[in-house]
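Engineer: Build me a structure from this.
(one chain, ligands or ions: 3)
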Amino acid sequence: MLILGIETSCDETGVALYDTEHGLLAHALFSQIDMHADYGGVVPELASRDHVRKLLPMCDQVLERAGRTRGDIEGIAYTAGPGLIGALMVGGSVAHALGFALGIPVLGVHHMEGHLLAPMLEENPPAFPFVALLVSGGHTQLVRVDGIGAYEMLGESVDDAAGEAFDKAAKMLGLDYPGGPRVAALAEQGTPGRYKFPRPMTDRPGLDFSFSGLKTFTLNTVHAAQKEEGTLSDQTRADIALAFESAVVDTLMIKCRRALEQTGCDRLVIAGGVSANRRLRASLEKMAGKHDAHVFYARPEFCTDNGAMIAYAGAQRLAAGQRDGERIVAVPRWPMNALPAIDEPRSS
Ligand code: ATP
Ligand code: MG
Ligand code: FE
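Structural biologist: Numbers count the residues shown, from 1 in each chain. Ligands and ions are numbered 1, 2, ... in the order given. From the prediction side, this is the model:
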């Protein structure tokens, strides 16, 4: 079954073609980051309008790259939420209009299920059950996954998401958005041990997270260093970046270890933008090695928002017979454990 996947939940337009027999055929991504940079954050109306401009040309682009035509598409998956309502509506409208014109099924997909399943696009995908750490710009969650749609929430952030904390720390260090990769690059030059940051909520039982305190700790550290040095030296900025990154990575690792112990699972999947972080991957692999467990993740471009993950997640559900009614589905807030379950995925 040939599925067109459409992602427009925020500031990235993502389109992909996934075939349930032959795997991923083509994908394209356009990031609006430069457009929103002048405003210091994503402007929802500008995001929607740019999705309108980019989406159909990008659909034609992936079809051309895959050597297919619109008539070959057998189903369409689009991100139905969570996300910016106007941006979601663009993807949903295009998906439903195309589906109606072509006479093929259409399905709204959960953005976080897309992230969660992105590692399935890689070689040696994880088998069920597994523990998943979802770490993105808006979410930090530990989920037990028994199958597609069989999700048990084990823990989540009570305040900021890990990616959000990276972005805010980046701003304090004078770095641009998205902050995660920039903080990570700066931390490469950092001196281990010069600053020691807390590991929030690791001293008590449970699998919830909190990252807002780390943000305050970073700000206080920056202010104290400014008092001493005036303008921060590059070395001090790198040292703070490393201390911050190590604190986030350690905290995530400790909770993942706890989740593996608690569930008895020996497979850990990490997904979402922060799962691209090299220090996080290394730390989790080291921990998993000691527990005879394995860590799975997607290639970096499929950790952040993309169309391939939506095409994949939608393909599993469309192939199982799920589809939208006539109405476009757009849900700004949507808990992932509200999703229906399906049987084993049909992968390539
Ligand atoms: P959500 O998926 O929760 O709705 P989102 O779509 O904005 O949020 P993603 O696209 O999955 O989030 O990820 C973006 C986030 O990942 C940003 O906060 C970014 O700073 C962070 N990120 C990306 N690469 C890295 C990295 N190498 N290290 C740390 N953080 C990173
Ligand atoms: Mg984004
Ligand atoms: Fe995302």
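Engineer: what about the residue in the stretch 201-348 of the chain that ligand 1 sits nearest to, neighbour count?
Structural biologist: In the stretch 201-348 of the chain, the residue that lies nearest ligand 1 is residue 273 (2.0 Å; C-beta to the nearest ligand atom). C-beta: built from backbone N, CA, C; applies to glycine. Residue 273 has 24 neighbouring residues, counting by other C-beta atoms under 10 Å.
Engineer: In contact with it, which residues?
Structural biologist: 135-137, 163, 178, 180, 303-305 (C-beta atoms under 8 Å, 6 or more residues apart in numbering).
Engineer: Now do whichever residue of the stretch 51-200 of the chain sits closest to ligand 3, the pLDDT please.
Structural biologist: Across the stretch 51-200 of the chain, the shortest distance to ligand 3 (C-beta to the ion) belongs to residue 136, at 4.6 Å. What the model reports as pLDDT for residue 136 is 98.
Engineer: swap in residue 149?
Structural biologist: For residue 149, pLDDT reads 96.
Engineer: Relative to ligand 2, how far out is residue 212?
Structural biologist: Residue 212 sits 21 Å away from ligand 2, going by C-beta to the ion, to the nearest Å.
Engineer: May I ask which helix or strand encompasses residue 26?
Structural biologist: Applying DSSP states H and E as the criterion places residue 26 in strand 23-31.
Engineer: next one: that strand to chain centre, how far?
Structural biologist: Here strand 23-31 shows a centroid-to-chain-centroid distance of 16 Å under the convention C-alpha atoms, centre = their mean, to the nearest Å.
Engineer: Same check on stretch 128-143?
Structural biologist: On C-alpha atoms, centre = their mean, the centre of stretch 128-143 falls 9 Å from that of its chain.
Engineer: Buried residues of it, list them for me.
Structural biologist: Across stretch 128-143, burial judged by 16 or more other C-beta atoms under 10 Å covers 129-143.
Engineer: Tell me how many other residues surround residue 264.
Structural biologist: 8.
Engineer: Could you pull up the contacting residues of it?
Structural biologist: Counted by C-beta under 8 Å, 6+ apart, residue 264 has zero contacts.
Engineer: repeat for residue 15
Structural biologist: By C-beta under 8 Å, 6+ apart, the residues touching residue 15 are 4-7, 27-29, 55, 58-59, 61-62, 307.
Engineer: and with 7 Å instead?
Structural biologist: Applying C-beta atoms under 7 Å, 6 or more residues apart in numbering to residue 15 gives the contacts 5-6, 27-28, 58-59, 62, 307.
Engineer: ok, so of the residues you listed, who is nearest residue 77?
Structural biologist: Closest approach between the contacts of residue 15 and residue 77, by C-beta to C-beta: residue 5, at 4.9 Å.
Engineer: That closest one should be in a strand, yeah?
Structural biologist: Yes: the assignment for residue 5 (DSSP: H, G, I helix; E, B strand; the rest coil) places it in a strand.
Engineer: Once you drop chain neighbours, what's closest to it?
Structural biologist: Nearest residue to residue 5 in three dimensions, chain neighbours excluded: residue 311, at 2.5 Å (C-beta to C-beta, 6 or more residues apart in numbering).
Engineer: What lies in contact with whatever helix or strand the one you found lives in?
Structural biologist: Using DSSP H and E, residue 311 sits within helix 307-319. Under the contact criterion C-beta under 7 Å, 6+ apart, helix 307-319 has outside partners 1, 3-7, 14-18, 20, 24, 27, 29, 75, 77-79, 105, 107, 109, 113-115, 117-118, 120-121, 148, 302, 342, 345-346.
Engineer: And for stretch 289-298?
Structural biologist: 118-119, 121-122, 126, 260, 266-271, 275, 281, 284-285, 288, 303.
Engineer: Next one: the residue sitting furthest away from the middle of the chain from residue 222, what distance?
Structural biologist: Most distant residue from the mean C-alpha position of the chain: residue 228, 38.1 Å away (C-alpha atoms, centre = their mean). Distance, residue 228 to residue 222, by C-beta to C-beta, to the nearest Å: 11 Å.
Engineer: Let me see the contact set for the residue nearest to the spatial centre of the chain.
Structural biologist: Central residue of the chain (C-alpha atoms, centre = their mean): residue 272, 2.3 Å from the mean position. Going by C-beta under 7 Å, 6+ apart, residue 272 touches 115, 134-136, 139, 163, 303.
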